[in-house]
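**Student:** Below is the structure, and that's it, no one-letter string:
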């Protein structure tokens, strides 16, 4: 069933439409949340919030054919809100529980450390930086996804990259993996 029909089915209240939206786009939403927040134990709560918002706001979707990108943008916004809340609470996150251990212990340590350093970035800069460098989105795609202007998106990507490179270069584990130019 095409996305347009799936949206119409959900808006009519047909059984199974909500489950199909979650099944179809759950992995995309989860990937975005994990890319932005890491493997935080709260990711399941964030994903639940994503799909609650999707179902509550589906009637506002202007282009039903753009369902996937709309779901991704809601996931990005929920992840960004989580980062802001976490930062406001000033609680320390145990980075060992945030990232699953890959088979390679060195890779696991590097990944945990990278997410620990990412926690130092402003949430908006972190989101833009990760969407650009990890997801490979264009600047316009990031702007559309985050609801920001293109100029603001460019600034956030640049600031995020500069700040991450700066702190990663001073880190004993990551300094050898950060290019000098950038």
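**Tutor:** Thanks, I have the structure now. Just so it is clear, the model here is predicted, and its values are computed rather than measured.
**Student:** If you count neighbours, what's buried in the lengthiest helix in the chain?
**Tutor:** Using DSSP state H to define each element, the chain has its longest helix at helix 67-89. The neighbour-count check on helix 67-89 (16 or more other Cβ atoms under 10 Å) flags 67, 70-80, 82-83, 86 as buried. C-betas here are computed from N, CA, C, even on glycine.
**Student:** same check, this time on stretch 157-174
**Tutor:** Quick answer for stretch 157-174 (16+ other Cβ under 10 Å): 157, 159, 160, 161, 163, 164, 165, 167, 168, 171, 174.
**Student:** Farthest pair within these?
**Tutor:** In the buried residues of stretch 157-174, the most distant members under the criterion Cβ to Cβ are 157 and 171, with 20.9 Å between them.
**Student:** where are the low-confidence patches of this structure?
**Tutor:** Applying pLDDT under 70 to the chain picks out residues 87-104, 180-182.
**Student:** which residues in it form helices?
**Tutor:** Under DSSP H, the chain gives helices at 3-11, 17-37, 43-57, 67-89, 95-98, 105-118, 123-133, 139-146, 150-169.
**Student:** Of the ones you listed, flag the one that's most buried.
**Tutor:** helix 123-133 (a mean of 23; mean count of other Cβ atoms under 10 Å).
**Student:** what's that helix packed up against?
**Tutor:** Contacts defined by 3 or more Cβ pairs under 8 Å, 6 or more residues apart in numbering; DSSP states H and E place helix 123-133 against helix 17-37, helix 67-89, helix 139-146, helix 150-169.
**Student:** got JSON lines for those helices, with distance to residue 114 too?
**Tutor:** Output for the helices and strands packed on helix 123-133, formatted as JSON lines (distance: least, Cβ to Cβ, whole Å):
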{"stretch": "helix 17-37", "distance to residue 114": "12"}
{"stretch": "helix 67-89", "distance to residue 114": "15"}
{"stretch": "helix 139-146", "distance to residue 114": "20"}
{"stretch": "helix 150-169", "distance to residue 114": "7"}
